[in-house]
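Undergrad: 3D model of this:
(4 chains)
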Number of protein chains: 2
Amino acid sequence: MLVTVMAANSQFAVAVHVLALIAKYGDENVKSDFIAESVNTNAVVIRRLLCSLQQSELVVSQTGASGGTRLARKPENINLLEVYRAVLPDTEIFALHRQTPNQNCLIGKNIQAVLERLQNEIDEAVENKLARFTLADVIEAVGREKCST
Amino acid sequence: MLVTVMAANSQFAVAVHVLALIAKYGDENVKSDFIAESVNTNAVVIRRLLCSLQQSELVVSQTGASGGTRLARKPENINLLEVYRAVLPDTEIFALHRQTPNQNCLIGKNIQAVLERLQNEIDEAVENKLARFTLADVIEAVGREKCST
DNA sequence: CCATTTGTAGCAATATATGTTACAAATAAG
DNA sequence: CTTATTTGTAACATATATTGCTACAAATGG
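TA: Numbers count the residues shown, from 1 in each chain, chains lettered A, B, ... in the order given. Just a heads-up that it's a prediction; the model follows:
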């Protein structure tokens, strides 16, 4: 039910989807066009996302004919916190004031420091949760989903 | 470090600020103009926010001359989860796909259910954290902040 | 050399949050 | 009852963020 919302950023959801799809193809180079079809979006959107994932060393991409993208590690060695950090590095659970509050007001002057500490506490809780899941868990859950239908 | 960010929604931060300020004035009716000065924004923005807080029965507002807003309960009986829910009722930690994934793809078809379950787990963790803090805690922390400077 | 594919710039389209003006409705006070 | 004050809210402007799309350079395999 929660968080710092702006135009809802779905990159984490898409990233998990993309990684699960790539994982399915093992060592093959998966092409951005193919991924885009599964995600139902434009290939450039996917390539942008894959760039972030590559910078965080979660995938390896190759340009040129028979190029594409594959996982940099096994699914059980990629946890969802890494994915989150790769695509949404500076995202907070809730945003602080857009305008700096009135520094002449006692509350205005001190509330931000208090809220920042709260942010950190919550971030920690979320990060702990995310770190507990691996891409392998996701893939397994997708498989179970299939069976139950 | 985290969340579903869209154009960063700072309503929760502002709400906590506003409630702490109102609390300081006890039973007095605090005016939106005055609050807006502390928050450094427009009074209408504050009134909109106060409407949400009133609907969740966290504050009571009065129209007319010598009107304004006061807390509906004591600060120790208002926890931050209530505040969060009052101003950001349908906010999630991370957003799901904007476009529905390709249902002909196995991953595309099942990934959303898996992601939703993950959302729920994380939401629960965040909600538990938020529920642990009251407005009284915030006010106390603001006071301590003052002392340390 | 050529076909393919990533990487990326640049811009359009969309979505959301915030700021602002304006005014109706409610209320206290004289 | 009239007036000044204040909330409630609509309507619109502005700012910012995400996503989608076109175009093309660079890399690569064959």
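
Undergrad: which phi and psi does A:Thr69 have?
TA: Main-chain dihedrals, A:Thr69, degrees, to the nearest 10: phi -130, psi 140.

Undergrad: ok, and the closest non-adjacent residue to it?
TA: Ranked by C-beta to C-beta, 6 or more residues apart in numbering or on different chains and with sequence neighbours excluded, the top spatial neighbour of A:Thr69 is A:Ser61, at 4.5 Å. Just so you know, the C-beta spots here come from the backbone N, C-alpha and C atoms, and that holds for glycine as well.

Undergrad: Help me confirm that the one you found is found in a helix?
TA: No. In this structure, A:Ser61 is strand, not part of a helix, as judged by DSSP: H, G, I helix; E, B strand; the rest coil.

Undergrad: and stretch A:9-25, how far out from the chain's middle?
TA: Here the centre of stretch A:9-25 is set off from its chain's centre by 9 Å, with C-alpha atoms, centre = their mean, to the nearest Å.

Undergrad: Buried ones in that stretch, by neighbour count?
TA: Within stretch A:9-25, the residues scored as buried using 16 or more other C-beta atoms under 10 Å in any protein chain shown are A:9-23.

Undergrad: Check the residues you listed one by one and keep those near DNA strand D.
TA: A:9-11 (C-beta under 7 Å from any atom of the strand).

Undergrad: Look up phi and psi at whichever residue of chain A sits closest to DNA strand D.
TA: In chain A, the residue that lies nearest DNA strand D is A:Gly64 (2.3 Å; C-beta to the nearest atom of the strand). Torsion angles at A:Gly64 (phi, psi; degrees, to the nearest 10) stand at phi 90, psi 170.

Undergrad: how far away is it from chain B?
TA: Counting by C-beta to the nearest C-beta, to the nearest Å, the gap from A:Gly64 to chain B is 26 Å.

Undergrad: Now do the same for that residue: its pLDDT.
TA: The model reports A:Gly64 with a pLDDT of 95.

Undergrad: Okay, buried residues for the helix or strand of chain A with the lowest mean pLDDT please.
TA: Within chain A, no helix or strand scores below helix A:135-148, which has a mean of 89 by mean pLDDT, DSSP states H and E. Under the neighbour-count criterion of 16+ other C-beta under 10 Å, helix A:135-148 has A:135-139, A:141-142, A:145 buried.
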